[in-house]
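>>> have a look at this fold, sequence not included:
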């Protein structure tokens, strides 16, 4: 199975060069997009901190 090629997303633009390369490496390793890596890691960090938000049904979430 061919691995997806990570591409730059608007969120990646604000990351340092080192962080972008690490993000792309994680995406390749997990066979998922960089957006999905970011979402997963943000959710994991929020869970560790006990943070929760309510999103209105039908509200755009950018992904």
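Cool, the structure landed. Nothing here was measured: the structure is a model prediction, and the numbers come from that model.
>>> this structure: strands as residue ranges?
For the chain, strands defined by DSSP state E do not occur.
>>> can you pull out the helices in it?
17-30, 34-49 (DSSP state H).
>>> can I get those helices in a markdown table with mean pLDDT, mean neighbour count and distance to residue 56?
C-beta here means a position set from N, CA and C on the backbone, and glycine is covered the same way. Formatted as a markdown table, the helices of the chain follow (pLDDT from 0 to 100; neighbours: other Cβ atoms under 10 Å; distance: least, Cβ to Cβ, whole Å):
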| stretch | mean pLDDT | mean neighbour count | distance to residue 56 |
| --- | --- | --- | --- |
| helix 17-30 | 93 | 14 | 29 |
| helix 34-49 | 93 | 13 | 18 |
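>>> turn those helices into a markdown table, including distance to residue 57.
Shown next, in a markdown table, are these (distance: least, Cβ to Cβ, whole Å):
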| stretch | distance to residue 57 |
| --- | --- |
| helix 17-30 | 29 |
| helix 34-49 | 19 |
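>>> so which of these is nearest residue 55?
helix 34-49 (12.4 Å; Cβ to Cβ).
>>> which helices and strands does the closest one pack with?
On a contact count with 3 or more Cβ pairs under 8 Å, 6 or more residues apart in numbering; DSSP states H and E, helix 34-49 meets helix 17-30.
>>> packing partners for the helix it packs on?
With contacts taken as 3+ Cβ pairs under 8 Å, 6+ apart, helix 17-30 sits against helix 34-49.
>>> thinking residue 27 is in contact with residue 38, fair?
No - here residue 27 does not reach residue 38: they are 9.2 Å apart, not a contact under Cβ atoms under 8 Å.
>>> ok, now how distant is residue 34 from residue 43?
15 Å (Cβ to Cβ, to the nearest Å).
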